[in-house]
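*Asks:* here's my sequence, what's the structure:
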Amino acid sequence: MAINRISSPIVAGGIDDGLARSWLTCVHAGLREEYSNTRVLSTLKPPGPGWNYYSVLVGDPTGARLRLLLNAAGRLVAASDDAEVPAVGPLDFVDVPHRQPFTDGGFVVASAEDLWTELAGEHLAALSADDLADVDYHRPARVGDLLFNWFD
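*Replies:* Numbering: from 1, shown residues only. Coordinates of the predicted model:
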């Protein structure tokens, strides 16, 4: 999946608790299918002042921890390594470990490669003036920093 254009609603994120519950169901399905010893370690954190995405922390018995992310406006799922990474950006994007439950649930799964892609003009063409002002002010470097942002 190449992310070439980003729309204003996706940058804003949005709150959709019903969609978040569906996503969380997919999180649990992925853990059951792929990683029997991996557990959900946190409650669902909704978008709020400073970030535009839902997140939940998962971990395995070795201590490895991963943050699974949802941008509800884009139905976009991603993952970030949790080791020494701030709760909000910049995130250390990694591939979502088990994509199938999310795609079966109607979500779009972003690859780490796409999220680490350097932000370019082609990505910004569909943004509103307000979103472009946020980009100018916060200066996100990567596509993922814009899609899973920590703007005010």
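
*Asks:* how about the helices in this protein?
*Replies:* 8-12, 17-34, 100-104, 112-116, 121-124, 129-138, 143-147 (DSSP state H).

*Asks:* just name the most buried of those helices.
*Replies:* Highest mean neighbour count of the helices of the chain: helix 143-147, a mean of 25 (counted as mean count of other C-beta atoms under 10 Å). Using the backbone N, CA and C atoms, a C-beta is placed for each residue, glycine as well.

*Asks:* what lies in contact with that helix?
*Replies:* 3, 6, 10-11, 71, 74, 76, 78, 89-91, 93, 110, 114-119, 123, 135, 140 (C-beta atoms under 8 Å, 6 or more residues apart in numbering).

*Asks:* what of stretch 20-35?
*Replies:* By C-beta under 8 Å, 6+ apart, stretch 20-35 touches 38-40, 44, 46, 54, 56, 58, 60, 68, 70, 72, 77, 97-98, 100-102, 104-107.

*Asks:* equivalent analysis for stretch 107-114, please.
*Replies:* Residues contacting stretch 107-114 (C-beta under 8 Å, 6+ apart): 1-3, 23, 26, 70, 74-79, 93-96, 99, 102-103, 143-144, 147.

*Asks:* try 7 Å this time
*Replies:* Contacts with stretch 107-114, where a contact means C-beta atoms under 7 Å, 6 or more residues apart in numbering, come from 1-3, 23, 26, 74-78, 93-96, 99, 102-103, 143.
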